[in-house]
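>>> Everything below, folded, please.
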Amino acid sequence: MFDKPTRNHPTYIAERIGSYLLLILLLFGNALTAGTQNMADLLHIEYWKTVLAQLLSGHFSVLLSAAGAVLILLAVIGVSILRWSRTFFRVEGELLYSERRTIIRKESKLPVGSITTVNVEQNIFEKLVGTAKVKIDINSAVTASKTDFIFILKKRDALALKETLLSKRDQNCEQEENAPKTVLAAFSTADALRHQLLSIPFLEILTGIMVIFPMFFGAQSMSLQDALPVLGVMVLLYCGSVVLGTLNLANFRLETDGKHIFISHGALRTQSYTFEKTRVKSVFLKQSLLARLFGLCSVELAVVGLGNEKRESPRLCLLVSKARAEELIAALLPAYTTKKTPIVSSKAALIPAVLLTLLCTAVSAVMIVYLPLYGIILCAAVFVFGIFAGILSQKTRTVSMEEDLFCCSSGILNKKTGRFLYSDLQEVRLHTNAIMQKGQVGRIGFSILSAKTMSTQKTGWFKKEIYDSLCEKMLSCE
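Modelled structure (predicted):
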């Protein structure tokens, strides 16, 4: 079906124009154009002669007017049509060809065997017109943070292309017949809403408090009636983000056929991920502050080659109990299950925390000169908070060395625990300084093949013997 050169669906042009829509609307809003304030003048040839004359005379500010919006729109349409008409792809044998025959010619030949994932995605516009994006990622660290190939096709053709590429990729592999898909987890819209509400980062909560608190206290305090419009806008924006996030995670399903993992979700913008279990390079258990209070966590995966410009990573599940999360990991990725009790970071980790606290306290002491009472209170608060945060950081940073697995966790309020196979570690480093080196203590840094947001990891402060053991484990897997 795809053995001959195939173009993207014509709606590719509309989607490219849509990315410039906000700019065009803003320019149209500026109706103070060259010599007129009447938008109807855009339909008269005399107006465009005036615009052309101004451009020829060097008055390029006209491009910031409604006339500029029209010219930009025409340019974008022209470039989009040219790019659409001169871009082709085809599947020939074991190769995926992608070619753009514009002024700057570009041709790519991709062996289907190097394809990591083929995902199908639909936004609202694509649902209305019946198209879908086919997003292809390859096994490469260079492009790990972006999608390698994107094609827009009718939905049935998008699904057919996905099946074609996956079947060609797997046909030469020695494998048994894939079993039928089994649903391991399914989440309702209510579950998605709970996930959104309990996944609010603590920084956002703190920012909200810092914005709202000064409105009612201090010299510039406002009455509740005066503050209602501002509070209303804030509540509206927050509710809007929660609703959009909930719709994006609605109808979440986790399936497997024994070899592959299938993840799909979304009511307005539908997303689906399909990848082999062997492509998983790490497992992360994540807990926001609110989720920790309810004993819940979500599971995310780092999948080699799977990455895009939005820094998304596939979730294995939404917020569930820790026991349920461990069940899903054991069912799909048994190599990532843990048994040993984590080791808490060295008490020497309190040394840099105390030094940083003393430095911050010394800086805040400047306030004592101007406001003695306030300055003393501020210094005391900074010192107590710094020491308390240092102790919590030392207690919450842990590592665990299983037989085939290295685990590390961090996070005072929002907690993250990562699990990595020794065989997937690409580089291990020890970070230390003159003070910590005397106690044979350092921070362990390591890298895995994944998107940039997950590729580099660092632990808390631990004895050098743990670093040595980790190096030995990694080398024994080569």
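
>>> residues touching residue 118, list them.
Listed by C-beta atoms under 8 Å, 6 or more residues apart in numbering, the contact set of residue 118 reads 134-136, 161-162, 165-166, 274. C-beta: built from backbone N, CA, C; applies to glycine.

>>> Which one of these is nearest to residue 337?
residue 274 (23.4 Å; C-beta to C-beta).

>>> Surely that closest one is in a strand?
Yes: looking at residue 274 with DSSP: H, G, I helix; E, B strand; the rest coil, it is inside a strand.

>>> Count the residues that sit near the spatially closest residue to residue 435 that is not a sequence neighbour.
Using C-beta to C-beta, 6 or more residues apart in numbering and skipping the chain neighbours, the partner closest in space to residue 435 is residue 351 (6.3 Å). Neighbours of residue 351 under the rule other C-beta atoms under 10 Å: 17.

>>> how about residue 351, phi and psi?
According to degrees, to the nearest 10, the main-chain angles of residue 351 amount to phi -60, psi -60.

>>> Next, find the distance separating it from residue 433.
10 Å (C-beta to C-beta, to the nearest Å).

>>> pretty sure residue 437 belongs to a helix, no?
Yes: the assignment for residue 437 is a helix, going by three-state DSSP.

>>> From residue 430, how far off is it?
Applying C-beta to C-beta, the value for residue 437 to residue 430 is 10 Å.

>>> Between the two, which has more neighbouring residues?
Comparing residue 437 with residue 430 by other C-beta under 10 Å, the one with more neighbours is residue 430, at 17 against 12.

>>> Need the per-residue pLDDT for that one.
Per-residue pLDDT puts residue 430 at 91.

>>> And for residue 186?
The score at residue 186 is 94. That number is its pLDDT.

>>> In which helix or strand does it reside?
Secondary structure assignment for residue 186, by DSSP states H and E: strand 182-187.

>>> Please apply the same query to residue 75.
Assigned by DSSP H and E, residue 75 belongs to helix 66-85.

>>> If you count contacts, what does that helix end up packed against?
Judged by 3 or more C-beta pairs under 8 Å, 6 or more residues apart in numbering; DSSP states H and E, the packing partners of helix 66-85 are helix 11-18, helix 21-29, helix 45-56.

>>> Taking helix 11-18 as reference, get the angle to the helix or strand just after that helix.
Using DSSP H and E, the helix or strand that directly follows helix 66-85 along the chain is strand 87-92. In terms of direction (axes from the mean of the first three to the mean of the last three C-alpha atoms, to 10 degrees), strand 87-92 departs from helix 11-18 by 140 degrees.

>>> can you tell me which of the helices and strands packed on helix 66-85 the model trusts least?
Of all the helices and strands packed on helix 66-85, the minimum mean pLDDT falls on helix 21-29 (a mean of 59).

>>> Would you mind measuring the gap between the ends of stretch 447-459?
Start and end residues of stretch 447-459 are separated by 12 Å (C-alpha to C-alpha, to the nearest Å).

>>> Adjust the sequence numbering to begin at 6 for everything that follows.
Okay, residue one is now 6; in that scheme the one you just asked about reads as stretch 452-464.

>>> quick check: mean pLDDT across it?
Regarding stretch 452-464, the rounded mean pLDDT is 72.

>>> ok, now stretch 364-384?
Regarding stretch 364-384, the rounded mean pLDDT is 86.

>>> what does it rub up against?
Under C-beta under 8 Å, 6+ apart, the answer for stretch 364-384 is 387-388, 391.

>>> Of these, which belong to helices?
Of those, the ones assigned to helices by DSSP state H are 387-388, 391.

>>> how distant is stretch 370-390 from the center of its chain?
Stretch 370-390 sits 39 Å away from the centroid of its parent chain (C-alpha atoms, centre = their mean, to the nearest Å).
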